[in-house]
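1. Sequence plus the predicted model coming up.
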Amino acid sequence: MNGTAAATGSASCRFAHYFVVCGVDTETGLEPDDGAGEAFEQSPIRRSFKSKVLVHYPESTDRNPFNKDAVNMLCMPRGLSFRTQADRLDPQFHSFTMSFDDGTRSYGFVHTFYEEVTSAQIITAMHTLYQMHHVEHHSASSASSPSSSSSSASSPSTSSMDSLVSSLDESDVESLAGVTTCLGCAGSFDPARDTLYVSKALCIFTPLPFLQAARQFLSQLHQAVTSHTPPPLPLESYIHNILYEVPLPPPGRSLRFHGVQGPIICQRPGPGELPLGEYPLGEAFSLLGVDNMVQLFTCALLETQVLLCSQDYQRLMTVAEGITTLLFPFQWQHIYLPIVSAPLHHLLDAPVPFLIGIQRREGAQRSSFHLPHEANLCFVDIDNHCVEAPEDLPVFPDQIELIQELSEVLLRFGLPPQGGAITKPTTTSPRLNSLVLEDLMEDRRNGNLGGEELAVLERLQALARRCGGGKISDGGKTLGHVFEEEEEELKAAKLNIQLREVFAGRFAAMFGRYEDFVIHSALDLDSWLSNREGTFSFDKGSFLSVQPATHLHFLSRFLETSMFSSFVDGKVISRWADREPLQQLFDSRLERDRLYDTDEEDSRTPCRYRKCTSLFESAQAIERRLLKADHTAIHPHLLDMRIGQGRHQQGYFPKLQADVLAQGQNTNKTEKNSDSQPRALVTLARGKNLRQSKLLDSSPQAITQTHREFVDGLLSECRLKTKRMLMERMGKESVELGQGEANITGLQENTLIHGLCDLLERTWGHGLQLKQGKSALWSHLLHYQAAQGKTETPTESPGSNGSDQRTFDDGALLLRESLIQDMRFIQTMNEGLSEVGQARAWIHLALEKKMLSQHLKELLTNQELLRQLYKPHAFLLCEEEREQFLFHLLSLNTVDYLCFTRVFTSINIPYRIVIIPMKKLSIAMATVNPWVCVSGELGDSGVRQISKNTQEIFFQCKNLGRLSTLQLGQENSGLLAKCLIDCVMVYNEITGHTYKFPCGRWLGKGVGDGSLERVLIGQLVSPGGEEDAGRWTGTPPELASPSQSVRAVLGSLGSRSRMLSVEVQEDMREAANNLVKHFHKPEQERGNLTVLLCGEGGLVLSLEKFLLHGFKSNRLFQRNVFVWDFVEKAAVSMDTADQMGDLHGSTLTKGLPCDSLCHYVNAINASPRNIGKEGKFQLFVCLGIRDRLLSQWLPVLADCPLTARTYEEGALLRDRAAVHSLSRILHTLNDFTVTLETALVKGVDL
């Protein structure tokens, strides 16, 4: 339906907010642009000068106040540019965006052209500057080469030429391509001979990115200025019309309004479509290629620092807007400045994620940007089609399939997926001058052409394509070009929406069920806001547990980003306020997908890639709107202007009549935006962010304030990160002991530590002025190492041969490696690490050693080095904040990390093992010849022999990971080869971790159970707690080992005839339940299975208690009571009864369980290992669980005739209900595959 629309309401409903003209201020004259960073050796004609906002209409709006300095900087980022008639004077187009305090954006579109300078003052000033420059340059050349002054005057020094070339933009280089004469000719200016031109910018601000419409309007405006004939109406009429009379198109509709030369169409997506995005994604993909764009997209999603670089401002904006548009439904939360001029280059120092674009001058190298830190930087060289991503960047989920789908879309539109294509320049030619053809085109758009007329138009179009068309009028365009432009515009719009739909489809597949994992814990909005930092709004662990394994690395990192947190916060807040438009749109699309998705199971667990199915539907909606306008705005009309105003003068933009263009301001009353409340609440929840208006202020006071906010932000981020790490890690500690539920995976822990590494890199990079390599932290460490090397004697690195010569006194603390020693170990790891990798390895090691805060504090004690490396505003020079930062890091010492051990698995680690005998019998160690074999997550050390008369051994081997078991044995040589072992301590000499393996039993023949070999279960003791562990003393450990617990039970048999059966059965159920929970967790969440089987509260100990209940200790056995004696005798009696064929009335029948029990007992007894009776029973239980036989053996033992003679009447083993219940519990473990450590089953052939 066609209609006429007007924008007489609020500013938020108008197509444009402001019209701005920037250029040279003839009253103030020429002011050098000091911030442009240009050398004065250049000719003045090539220098930059300060521009000014000459006029802007309206004066201001309440919702979007006008920031004159920021607008001037973004309209003319390089200031004023002068040219002569010898240079190219092509107009240029670029755009920019400005963010406001409420989170909304406004888009600026700039058409820059060159206007002849008529001010005698400016011409005289330029001539004077040139004469001064020529004299200075001639003198410098003569001084450098006095013997040939004439030749030196015409042949400048290389440095001068380099500085000239580096200051030129692309058009400069092209204009000088044929110039082979002297520098003076290339940059000369003579008023008598040359015509001087200066740049002027026309800018229009819109609330939405109406790129094509704004570009056409400004281009037509400029064409009217350069035309021989005046426009039909004064320019004020067209500017007034677009500012006050052209409304925003209604959602889902298109609008036609009139420029100076012809009609312009803009359209707006409907409620169910993706938001407006007119920046040509096809151009971005053509410049960088699909692979690079997906990599850049991944960097943006993970909130790395993204630095775009190009000679063309519009290319910077195209790539930046393209990437942020693809983030739907998420939004970039950090610094977003696609165009940054030279005075704002200090923002590259920002220690926060950013997306910044800077113009690279011709010939400039990357090193010229002086980037303070690059550990988490994505550097994008648009002109050279290159993307340098940070190290360890995760792969986007289903990346190969995504690239394939994007490539297919591009190929359908004739674009190469590999990129590197040179796109057409971003200049827009004017529309038709032919009124006949203009009307014909309008009729086609409006659907007013009948079938015959439309067919004629199509034939005319086909003919124009073949023949190239003919001239319409002077200065007009050929018919072929008209159709080609329209088709290219439509093609770009269709390509845009199809590419965006592909990415939106991927997010819908990845987060289709995100609402199921949102945690609504607060009762009202106020309580949620007040406790925001201490609550979790998303169940990350559960969400990750249902994702494909290949997606976890990316998703675990993405769930920690601000954009995802903000998205979830919006969902939580939607309980009390309206949802944000983007979130509402995403949710509605998810509901629609679920409605039409019949494969329910597949939709819950994404396992296969599904291509987007709405590509053509979305493209058709845009095509319908662009081919047929739904509404027409009020036509420009003659205004009430004074006589003589608006007079046309070819080539000069007129001085606009201010009172006419300001008359619409009385209608500028703002309405409350529908989405302002949820956006404000989400902003409040996330904390205060840096406002772009402050970032664009280049005054010294504003820069100081900006860096002050950076410092506060770093401190706040450190507090939140350490708090999150502590909360998550404390929930993890019991999991590694096989107890409790896990709320974080190992991958999530790595993600949190990666975030800490990134924070430290950004903190150490803030204000850095002297750097080595890409890592700011490692650079500081290297400088510290060099400074220490001058004053201290180098110490031996850990693991060197000198370590064997170390001696230790009783009661001595474990030697803590110094900062320098840790650095040297990292440097000698031979892992091929970069500077960034070495810094991360050092952080991992310090965190595991619980020395991170202390090491960093030591690093910062060298104040002279700090002042040498950092600028005054740097975070590390803010003493109070630095101390608080280190205090937050110190809190991480309260939890244990194995981040270094588990990440760097292939390095060699020096270990020390110390055997600690009981104090009273420590002299017995002199009579034994012990050996040890340590096992961990990553392997075992092999058998290591310990010399007689010593209690310790030092050796190096490949990283064993977290230690779990230790085999301790002796050769039984000599009459007194026996000793009572308290425990064995194992020390990791690099990480400082101490493992305690409790024993509390005899090792030797004729004592205890006669064991010559024991398998001990280890536990990690806190660094610094070695005194409590009884490292060098005979003090028994506070935590009883499983064997000691059994001894305590057996010791009570004399005084207490029976243990409580309820407690024994509860312990058994708890042990089995822990095993079931262990196997139901994702593999990366599981604790140590050996601890669950053989450790304190494990299955072996619980079953041993069960079999000891009601035991008649004085009937069959003498002094020592061992469960294995009963099992062994039961097997013998079964064998005997089977051979005699007489079961003496027992209910036991011959079958597989009975045979297997006897077979396993005989095999264990036949083992060459002397592991003793306790070790044999432990092996018996472990093998029974592994081979799914234990649940069958228990009834067999209960029905054995020996049981009635061995156990009292009330014993659990004689209680059929208890035996049946336990058998059912054990049977549930048959569903799982149990893999036993080699140390447990070595020597048994079953």
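-> Arrived safely. Only a predicted model underlies this, so the values are computations on that prediction, with no experimental measurement involved. Numbering: from 1, shown residues only.
2. Quick one: list the elements packing against the helix or strand encompassing residue 1002.
-> Using DSSP states H and E, residue 1002 falls within strand 994-1003. In terms of contacts (3 or more C-beta pairs under 8 Å, 6 or more residues apart in numbering; DSSP states H and E), strand 994-1003 is packed against strand 963-970, strand 979-988, strand 1013-1017, strand 1019-1021, helix 1042-1051. To be clear about C-beta, it is placed using only N, CA and C from the backbone, and glycine gets the same treatment.
3. Let's see that with 10 Å instead.
-> strand 908-917, strand 930-936, strand 963-970, strand 979-988, strand 1013-1017, strand 1019-1021, helix 1042-1051, helix 1172-1186 (3 or more C-beta pairs under 10 Å, 6 or more residues apart in numbering; DSSP states H and E).
4. and the ones you listed as JSON lines, adding distance to residue 393 and mean neighbour count?
-> Putting those into JSON lines (distance: least, C-beta to C-beta, whole Å; neighbours: other C-beta atoms under 10 Å) gives the following:
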{"stretch": "strand 908-917", "distance to residue 393": "29", "mean neighbour count": "20"}
{"stretch": "strand 930-936", "distance to residue 393": "30", "mean neighbour count": "22"}
{"stretch": "strand 963-970", "distance to residue 393": "33", "mean neighbour count": "24"}
{"stretch": "strand 979-988", "distance to residue 393": "31", "mean neighbour count": "23"}
{"stretch": "strand 1013-1017", "distance to residue 393": "40", "mean neighbour count": "24"}
{"stretch": "strand 1019-1021", "distance to residue 393": "32", "mean neighbour count": "19"}
{"stretch": "helix 1042-1051", "distance to residue 393": "46", "mean neighbour count": "17"}
{"stretch": "helix 1172-1186", "distance to residue 393": "41", "mean neighbour count": "23"}
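5. Dump these into a markdown table; add distance to residue 218 as well.
-> What follows is the helices and strands packed on strand 994-1003, written out as a markdown table (distance: least, C-beta to C-beta, whole Å):
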| stretch | distance to residue 218 |
| --- | --- |
| strand 908-917 | 67 |
| strand 930-936 | 69 |
| strand 963-970 | 71 |
| strand 979-988 | 68 |
| strand 1013-1017 | 77 |
| strand 1019-1021 | 68 |
| helix 1042-1051 | 82 |
| helix 1172-1186 | 78 |
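6. how about the strands in the stretch 101-250 of the chain?
-> 105-116, 196-206 (DSSP state E, counting those that start in this stretch).
7. Which one of the helices and strands packed on strand 994-1003 lies nearest to residue 405?
-> strand 930-936 (44.1 Å; C-beta to C-beta).
8. Can you get me the start-to-end distance on stretch 536-555?
-> 17 Å (C-alpha to C-alpha, to the nearest Å).
9. ok, back up a step: by mean pLDDT, show me the worst of the helices and strands packed on strand 994-1003.
-> Sorting those by mean pLDDT places helix 1042-1051 lowest, at a mean of 46.
10. Any idea which of the strands of the stretch 101-250 of the chain gets closest to residue 756?
-> strand 105-116 (32.2 Å).
11. Where does the closest residue to residue 885 other than its chain neighbours sit: helix, strand or coil?
-> Leaving aside its sequence neighbours, residue 885 sits nearest to residue 718 (C-beta to C-beta, 6 or more residues apart in numbering; 5.2 Å). Put simply, residue 718 is helix when judged by DSSP: H, G, I helix; E, B strand; the rest coil.
12. any idea which of the strands of the stretch 101-250 of the chain is most buried?
-> For the strands of the stretch 101-250 of the chain, the largest average neighbour count (mean count of other C-beta atoms under 10 Å) is found in strand 196-206, namely a mean of 23.
13. Flag the shaky bits of the stretch 401-550 of the chain, pLDDT-wise.
-> Applying pLDDT under 70 to the stretch 401-550 of the chain flags residues 420-483, 534.
14. Okay, helices next: where are they in it?
-> Along the stretch 401-550 of the chain, counting by DSSP state H, counting those that start in this stretch, helices occupy 435-446, 451-467, 479-510, 525-530, 540-545.
15. wait, residue 132 sits on residue 44?
-> Yes: here residue 132 reaches residue 44: they are 8.2 Å apart, a contact under C-beta atoms under 10 Å.
16. quick one on the thing from earlier: the strand holding residue 1002 to helix 1172-1186, inter-axis angle?
-> Between strand 994-1003 and helix 1172-1186, the angle comes out at 120 degrees (axes from the mean of the first three to the mean of the last three C-alpha atoms, to 10 degrees).
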